Each structure stands twice: as C-alpha cells, then as structure tokens.
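Chemist: all I have is the shape, not the residue letters:
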C-alpha cells in the first residue's frame, strides 16, 4: 500500500529504476494469494511497470501506473504498464490509472487460470477524463490462451475508459473475453479487435471465434429515445453504444447506452429477414439523445467486435473540437481528451469528483483564472465553494461511459467468484479430513 516506485516522494518527479529491458518490471509480485496492491505509484521506470504472477484473489486498486500521484500527468514506464499471468482466479483490477506507458496498458499473458475482472479503470487517459495520456501499444491486450477476463460490466459506473491508445483499445487475440459497458474511443486501431487482425467478417452460424457482431436493420429516432432493430445469434446479450466514428466504418463505443438479451423480456423480437450469420431478430427502445450507434454481442462470455456504425459515418469522420475550436454556451469548453464541448472539464482541487458535468448535474462554471468550480444553482453568477472530498455536491463523476444500463453483470461476477472460492475451501477441508 502507498508505495512510490520510480518517482520522488511527491509522486511528481521521475526517479527511475535502472533496469532497461521491457521484460524487467519495477515491481513483480509472485505466488501470493489474496495480496492487496493498493494506492501505489509505479511510474517513470526504464523497464515495465508491475507484474502479477500467480496471485489469485488479489486486489489491484487505486494505483497510478505511468501517471503521477494525482493521476493527471504523464510519467510513463518504458514498457507494459501492468502484466498478468498464471493463476489469477478472483483477481480484481479496479479504479486504476494505467496510462502513458510505452507498451500496452494492461496485458494478460496466456496460459492463465481462473476468472478475473477489470472495472472502472482509466486506460490511456487521466483520472479526470480531460487529458489524453496514451499508452503506445494496446490499451488492454488479452493474449491467446488468457481466459476468464471480464473487462467492464453492463451497469452504470462499472465500465473502463479506454481511449487514445496507440494501437487497439482492447485486443483479444483469440476473441475470448467478456467486454461490456466500457467507454472506448479515439484509439489508433479498432476499439475492440477480437482476433487481432482488424475487422473480422461474420461467419455463417457463428461457428468460429470471435462472436459475430450484430447487424442493425433499422434505427428510429423518437422523442428523447432511440429504437434499435437488428439481428444477432439466439440468446446473445446485445450492448448499444454511442459511436465514436472510426475510419474503418466500424465504431468505437464512447458511451454505453443499454442492452437487451435476444429473446429476453425486453426484446420486442419483431425483426425479420435475418442473415445466416445472425439468425435471430431483436428490437428495443433506449432513452438517449445519441444519434449514431454501434453494437456488440456477447454470448457465453465472449464479446464480438463493434458493429458497423449506423447511420454510416463519413469517410473522414468529424474529429470533434480541438484546441483552436470554438465551443459555445451552453457547453463552452473543449475537453481535448474526449474532443467534445462540455459545460466544464475538471474541478482541479478535487480530482475524484469531477468531469462529465452537465447543465443539470449540476451546473459547472468556468472562471477566468482557469480554475473550474461547480454551482448547484444553474443561474449562479459565481461558483459555490468547492465541496469537501467525497461530498454529495460538486461535479458528478459521470464520465463518457456512464449512463443507463441493464442488469449488473459485475454483481453476478462477484457472486460467481465468491461461490467458486467457497467451493474450493470446502473441497480443501474435505480433503484434509
């Protein structure tokens, strides 16, 4: 807990360790069950950051890997940020900033053992989602034979933010991982590259990995809502995202909007004329202001790539606002990380309660000095005093990936892992007796 490795005691000045090989890690934890790796800064090292080898039931939380102590500025390691391998059954990787590294942000090497989860991490971006801190490689790379990964979950606040990485946002070498509810945008390659070789065409009857991505038949813009109809494989969980246009024509999903299970209670099931690649129809309505969407399908905990963007993107998609772009009220500021005009960007004094503010949650005001504060009264002329850390006032931590969602996959994952642990303990007791 609370160690600074590769930086000075303030966590802001590089003091790198001297191992220069990318296969040498500043910190390596081996054969340790239930270990807690919490609130550390591992940055600026001349090799890679941190490796967990055979660490079942470990907690990896609140760390800054490749960023300074407050998670806002780049102090990258010269290789991979976080490497995982061996028995990582029950591992939880949550609420970390893993950015600015010269290799992949997170890499799982195969073969491994067990189920493990990534929730609420910032990969390639700062803690406030206001600065791009790109990893040079993939944001998350799941190598062949690395199994049991759940990257995000289909519920509010559980997804990871994966943006600006030099290669893919999330690369799945053999297409076998659950990837749901994340905010994935502005990466160098595909948002999800499920076979590691660019867009993978759907195959008949979906008999090969990766799972086929859904085919959108129709979207209908309603009053404050969006109707989506399409085709997928029977029983698949279809997740809908606001699309971040990609030159490939296949989206990255910058904001999770919601989900439906094909054939489930929320599925209108009115779509007909589906293809042999996706033989089951679905239809449902989402409350959203999004106009352009991309979809994924998850079946048996394996997620597809993002589908083609609907409606189709321009061949040269709008890059959004930039440093010289003029944002106007009611969203006067350009968030250079998201490339979106926003009401506010950061409350710099309270890095854990900022970003993603809207005019109603609550109004955020820009000050001439450059500092930004929140006001609970939308008509206030001067900002209210900043809230105490952890208080209920102030800018909400409603990032680009947070919105309404479906059932809590994260809870189901936690319950499954907990049950698995109990079974193992009971089995061990019976063996001993």
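Modeler: Arrived safely. It should be emphasised that the depicted structure is a prediction, and the values quoted were computed from it without experimental measurement.

Chemist: for the rest of this, base every contact and every neighbour count on C-alpha atoms.
Modeler: Noted.

Chemist: below-threshold pLDDT in the stretch 151-300 of the chain: ranges please.
Modeler: 265-266, 269-270 (pLDDT under 70).

Chemist: which parts of it are helices?
Modeler: Taking DSSP state H, counting those that start in this stretch as the test, none of the stretch 151-300 of the chain falls into helices.

Chemist: so which residues of it form strands?
Modeler: Secondary structure of the stretch 151-300 of the chain, counting by DSSP state E, counting those that start in this stretch: strands at 161-163, 170-172, 178-179, 183-185, 192-193, 215-222, 225-232, 237-244, 252-261, 280-287, 293-299.

Chemist: quick one: buried residues of stretch 219-239?
Modeler: Along stretch 219-239, these residues count as buried under the neighbour rule (16 or more other Cα atoms under 10 Å): 219, 226, 228-233, 235-239.

Chemist: between those residues, which is closest to residue 120?
Modeler: Nearest to residue 120 among these, counting by Cα to Cα, is residue 239 at 17.7 Å.

Chemist: give the contact list for residue 58.
Modeler: Contacts of residue 58 were listed using Cα atoms under 8 Å, 6 or more residues apart in numbering, and they are 33-37, 88, 90-92.

Chemist: can you check the pLDDT for it?
Modeler: If you check residue 58, the pLDDT there is 97.

Chemist: what does residue 4 give?
Modeler: pLDDT recorded at residue 4 is 97.

Chemist: give me the neighbour count for it.
Modeler: The number of residues packed around residue 4, counting by other Cα atoms under 10 Å, is 19.

Chemist: also residue 271?
Modeler: Considering only other Cα under 10 Å, residue 271 is surrounded by 17 other residues.

Chemist: cool, residue 208 as well?
Modeler: 12.

Chemist: and the gap between it and residue 111?
Modeler: 20 Å (Cα to Cα, to the nearest Å).

Chemist: for stretch 280-293, how far is the first residue from the last?
Modeler: 20 Å.

Chemist: pull the distance from that stretch to the chain's centre.
Modeler: For stretch 280-293, the separation from the chain centroid amounts to 21 Å (computed by Cα atoms, centre = their mean, to the nearest Å).

Chemist: quick check: buried residues in that stretch?
Modeler: Under the neighbour-count criterion of 16+ other Cα under 10 Å, stretch 280-293 has 280-286, 288, 290, 292-293 buried.

Chemist: likewise for stretch 12-27?
Modeler: For stretch 12-27, by 16+ other Cα under 10 Å, it's 12, 14-17, 20, 22, 24-26.

Chemist: out of those, flag the one nearest to residue 143.
Modeler: Using Cα to Cα, residue 22 is the member of these that sits closest to residue 143, with 17.0 Å.

Chemist: centroid residue for the protein?
Modeler: Against the mean C-alpha coordinate of the chain, by Cα atoms, centre = their mean, the closest residue is residue 160 at 2.3 Å.

Chemist: do you know how far that one is from residue 117?
Modeler: 11 Å.

Chemist: what's the overlap in contacts for those two?
Modeler: Common contact partners of residue 160 and residue 117 (Cα under 8 Å, 6+ apart): 151-152.

Chemist: list the contacts for residue 299?
Modeler: By Cα under 8 Å, 6+ apart, the contact list for residue 299 reads 211, 235-237.

Chemist: right, I mislabeled it, should have said residue 305
Modeler: Residues touching residue 305, when contacts are defined by Cα under 8 Å, 6+ apart, comprise 191-194, 199-200, 210-213, 296-297.

Chemist: that older thread, got JSON lines for the contacts of residue 58, with pLDDT and secondary structure too?
Modeler: As requested, those are arranged in JSON lines below (pLDDT from 0 to 100; DSSP: H, G, I helix; E, B strand; the rest coil):
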{"residue": "33", "pLDDT": "95", "secondary structure": "coil"}
{"residue": "34", "pLDDT": "96", "secondary structure": "coil"}
{"residue": "35", "pLDDT": "97", "secondary structure": "coil"}
{"residue": "36", "pLDDT": "97", "secondary structure": "strand"}
{"residue": "37", "pLDDT": "98", "secondary structure": "strand"}
{"residue": "88", "pLDDT": "96", "secondary structure": "coil"}
{"residue": "90", "pLDDT": "96", "secondary structure": "coil"}
{"residue": "91", "pLDDT": "97", "secondary structure": "coil"}
{"residue": "92", "pLDDT": "97", "secondary structure": "strand"}
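
Chemist: dump the residue contacts of residue 217.
Modeler: For residue 217, the contact set (Cα under 8 Å, 6+ apart) comprises 228-231, 271.

Chemist: let's go with 6 Å and repeat that
Modeler: By Cα atoms under 6 Å, 6 or more residues apart in numbering, the residues touching residue 217 are 229-230.

Chemist: surely residue 27 touches residue 50?
Modeler: Yes: with contact defined as Cα atoms under 6 Å, residue 27 reaches residue 50; the gap is 4.7 Å.
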